[in-house]
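Enquirer: Okay, structure incoming, though there's no sequence with it:
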Ligand SMILES: Nc1ncnc2c1ncn2[C@@H]1O[C@H](COP(=O)(O)OP(=O)(O)O)[C@@H](O)[C@H]1O
Ligand SMILES: Cc1ncsc1CCOP(=O)(O)O
């Protein structure tokens, strides 16, 4: 199936199958991740406690690990959930938020990537680059350095990390090492709302429950970027607060046909 047809089918499948998505994420964006998952039509569960985390993963159709507010006490839960996901063949998505800022966070992410086969790793350009190169202390926060990475670099990082890589930024890229897509929807005001990257990770987990990793990653980024464009029009002259609220409304209404018609998705030959 062609990619545009596949993302439309995935949009429809999430709405009709309503998969349970286990999301391990921090307090800054947990509420937004849960609500964007609901808006898409899936069902979020955010349980993190070590005594129950594995049991919740086992019941779920996908697992998201987001490192945004990583705490030493969370690491055991993340590893237990990831182990169950791999054992049970449940799609496993990593959002390496802030990787590259400190040695501890970067090492924690590298340990996860080495221990478990992730289905998708989704991050901004800075995070994915630091993870692939195993670099830390390179940049200062959770927002991207805003450099658009060349498609060939993204393809190499997918090969190096052994998974489907989704890189967000002014131009988004997705690659599984064999096929690479350049995605050109978006709205710069999305960078003025914290959590748009984290919500994209939640969308990737929801889509990965119903389709292939490559399609799920393209669908997630196109959903968020297109929602940004449409919400920006809806919020007209208003600022990030209205855009934030409008994002949930637009994702809730977004149809398979909207994705097929308005998604700016280009296959890159390398
Ligand atoms: N300069 C930009 N212009 C248009 N869209 C953008 C721009 N920067 C980021 N986006 C969009 O914002 C969303 C979140 O990406 P990004 O800001 O890179 O994530 P993060 O919040 O993790 O840093 C993506 O859908 C991306 O396409
Ligand atoms: C501000 C902040 N600080 C730690 S995690 C976080 C949220 C980051 O969200 P996103 O990666 O989606 O911008």
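Expert: Noted; the coordinates are in hand. Note that the coordinates shown come from a computational prediction; the quantities given were computed from them, not determined experimentally. Ligands and ions are numbered 1, 2, ... in the order given.
Enquirer: buried set for the longest helix along the chain?
Expert: Using DSSP state H, we find that the single longest helix of the chain is helix 213-234. For helix 213-234, the neighbour count (16 or more other Cβ atoms under 10 Å) marks 213-232, 234 as buried. For every residue, glycine as well, the C-beta is placed using N, CA and C.
Enquirer: What of stretch 75-83?
Expert: Residues of stretch 75-83 classed as buried by neighbour count (16+ other Cβ under 10 Å): 77, 78, 79, 80, 81, 82.
Enquirer: repeat for stretch 233-246
Expert: Applying 16+ other Cβ under 10 Å to stretch 233-246 flags 234, 235, 242, 243, 244, 246 as buried.
Enquirer: Pretty sure residue 249 sits against residue 234.
Expert: Yes. Contact between residue 249 and residue 234 holds when scored by Cβ atoms under 8 Å: they sit 7.4 Å apart.
Enquirer: Apart from its chain neighbours, what residue comes closest to the residue nearest the centre of the chain?
Expert: Nearest residue to the geometric centre of the chain (Cα atoms, centre = their mean): residue 201, 2.0 Å. Spatially, and ignoring its direct neighbours in sequence, residue 201 is nearest to residue 95 (3.5 Å; Cβ to Cβ, 6 or more residues apart in numbering).
Enquirer: Spit out the contact partners of that neighbour.
Expert: Applying Cβ atoms under 8 Å, 6 or more residues apart in numbering, we find residue 95 in contact with 25, 64, 65, 66, 67, 68, 121, 122, 123, 197, 198, 201.
Enquirer: Mind pulling up the pLDDT for it?
Expert: pLDDT recorded at residue 95 is 98.
Enquirer: again with residue 144
Expert: We have a pLDDT of 63 for residue 144.
Enquirer: Over to residue 228?
Expert: Note for residue 228: predicted pLDDT of 97.
Enquirer: Show me the beta-bridge partners of the residue nearest to residue 201.
Expert: residue 66 (DSSP bridges).
Enquirer: ok, and does stretch 18-30 reach over to ligand 2?
Expert: Yes. Under the criterion of Cβ under 6 Å from any ligand atom, ligand 2 is reached by stretch 18-30 at 26, 28, 29.
Enquirer: Same check on stretch 33-47?
Expert: No. Using Cβ under 6 Å from any ligand atom, stretch 33-47 never reaches ligand 2; the gap is at least 9.1 Å.
Enquirer: For residue 109, give me its contacts.
Expert: 67, 94, 96, 99, 131.
Enquirer: which residue lies farthest from the center of this protein?
Expert: Ranked by distance from the centre of the chain (Cα atoms, centre = their mean), the top residue is residue 237, with 28.3 Å.
Enquirer: is it true that it lies in a strand?
Expert: No. Counting by DSSP: H, G, I helix; E, B strand; the rest coil, residue 237 is not part of a strand but coil.
Enquirer: Listing request: residues of the stretch 101-250 of the chain with sub-threshold pLDDT.
Expert: 139-146 (pLDDT under 70).
Enquirer: Helices of that one, residue ranges please.
Expert: Listed in chain order, the helices of the stretch 101-250 of the chain (DSSP state H, counting those that start in this stretch) span 103-115, 125-133, 151-161, 196-208, 213-234, 240-253.
Enquirer: tell me the angle the last one makes with helix 196-208.
Expert: It refers to helix 240-253. Counting by axes from the mean of the first three to the mean of the last three Cα atoms, to 10 degrees, helix 240-253 lies at 10 degrees to helix 196-208.
Enquirer: and what of the first one?
Expert: Here helix 103-115 runs at 10 degrees with respect to helix 196-208, directions being taken by the same axes, to 10 degrees.
Enquirer: mind checking how far helix 103-115 is from the chain centre?
Expert: Relative to the mean C-alpha coordinate of its chain, helix 103-115 is positioned 18 Å out (Cα atoms, centre = their mean, to the nearest Å).
Enquirer: Mind listing what's buried along it?
Expert: Buried residues in helix 103-115 (16+ other Cβ under 10 Å): 105, 106, 108, 109, 110, 112, 113.
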